[in-house]
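Participant: build me a model:
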Amino acid sequence: MKSNKTIIITGTSGGIGFVLAEYLGKKGHKVYGLSRKTAESPYFITIPTDITDNNQVQAAITKVLNDGQNIDLLINNAGMGMVGAVEDSTKDDIWKLFNLNLVGAVQLMSAVLPAMRAQKNGQIINISSIGSEMGLPFRGFYSASKSALDKVTEAIRYEVSPWNIHVCSLHLGDIKTKIAENRVKTSVSDPYKITFSKVHDLMNSHVDDGTEPLDVAVYIEKLILKDHWKAHYYFGKFGQKIGVPLKWILPQRLYEKLMKKYNKLD
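Facilitator: Just a heads-up that it's a prediction; the model follows:
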């Protein structure tokens, strides 16, 4: 990895973002963390930013550039989960989720691309989910928001390649963070309450038993070193990663049967 990279990471007030920002900062890189809450750390600079507000995004990127920095790497990490039945989800719930998980990430990419074009290089990692590859029960809109980001990532790879700008989606499995505390949770109507309760308990146990955020940081450091990127990378426990190729090769009915069993819906 080139020494003294300038790296922008969103969602650094806690969880993966905070660990990642500190890890890369300790390696000697100039790291700027964009989050609504200020994170105290000697290893990176926090710029308080609501990434759903494009004016705040533009101001944050201007600050980085005014510090005399190139922008070598953007990691779009900020995001939120959402749980509940599709039927019970409201327009406001859906908009809040997509506004952060998709629109916020796109605004960050749009803000850094002029600088990356001018320097004729740059890297962007959009943090996605293994769950973006399939519709997860009671997480349908979370899967959809991350899947939408994946397709935007695939499209923009073509558009920015003439300037040696590389973009990829990093699909994560369950990571041991406080994501369960920050999810949007819709009201659950009577027909779904018993099933939802089982699935909700299971998904929280998966998070509690998830991969450590530091392992994600180490993986990302290795990813940054690659000369060429694929569009998609997958990181997590085998039992979750295997769901992706199985979806490609198994008949739909068999795959759904396995998913029901995994989610204790059988």
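Participant: got any ranges where this structure has weak pLDDT?
Facilitator: Within the chain, the ranges that satisfy pLDDT under 70 run 1-3, 177-182, 208.
Participant: for the residue nearest the centre of the chain, phi and psi?
Facilitator: With distances taken as CA atoms, centre = their mean, residue 127 lies nearest the centre of the chain, 2.7 Å away. With angles defined as degrees, to the nearest 10, residue 127 sits at phi -80, psi 120.
Participant: show me the beta-bridge partners of it.
Facilitator: Assessed by DSSP bridges, residue 127 has beta-bridge partners residue 170.
Participant: hang on, it packs against residue 175?
Facilitator: No. Assessed by CB atoms under 8 Å, residue 127 is found out of contact with residue 175, at 9.9 Å. Any C-beta I mention is one placed from the backbone N, CA and C, and that applies to glycine too.
Participant: what touches both of these two?
Facilitator: Common contact partners of residue 127 and residue 175 (CB atoms under 8 Å, 6 or more residues apart in numbering): residue 16.
Participant: enumerate the positions of stretch 26-36 that are buried.
Facilitator: 27, 29, 30, 31, 32, 33, 34, 35 (16 or more other CB atoms under 10 Å).
Participant: of those, which belong to strands?
Facilitator: 30, 31, 32, 33, 34, 35 (DSSP state E).
Participant: Throw those into JSON lines and include distance to residue 201, thanks.
Facilitator: Shown next, in JSON lines, are those (distance: CB to CB, whole Å):
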{"residue": "30", "distance to residue 201": "42"}
{"residue": "31", "distance to residue 201": "36"}
{"residue": "32", "distance to residue 201": "38"}
{"residue": "33", "distance to residue 201": "33"}
{"residue": "34", "distance to residue 201": "33"}
{"residue": "35", "distance to residue 201": "29"}
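Participant: show me what contacts the nearest residue to residue 59 once chain neighbours are set aside?
Facilitator: Setting aside the residues directly before and after it, residue 59 is nearest to residue 49 in space (CB to CB, 6 or more residues apart in numbering), at 7.7 Å. In this structure, residue 49 makes contact with 10, 34, 35, 36, 56, 57, 59, 60, judged by CB under 8 Å, 6+ apart.
Participant: so how far is stretch 139-147 from its chain's centroid?
Facilitator: 12 Å (CA atoms, centre = their mean, to the nearest Å).
Participant: outside of it, which residues touch it?
Facilitator: With CB under 8 Å, 6+ apart as the criterion, stretch 139-147 contacts 79, 81-83, 86, 89, 93-94, 97-98, 101-102, 128-129, 131-136, 203.
Participant: among these, which ones are in strands?
Facilitator: 82, 83, 128, 129.
Participant: hmm, back to that, which among the contacts of stretch 139-147 count as buried?
Facilitator: By 16+ other CB under 10 Å, the contacts of stretch 139-147 give 79, 81-83, 89, 93-94, 97-98, 101-102, 128-129, 131-136, 203 as buried.
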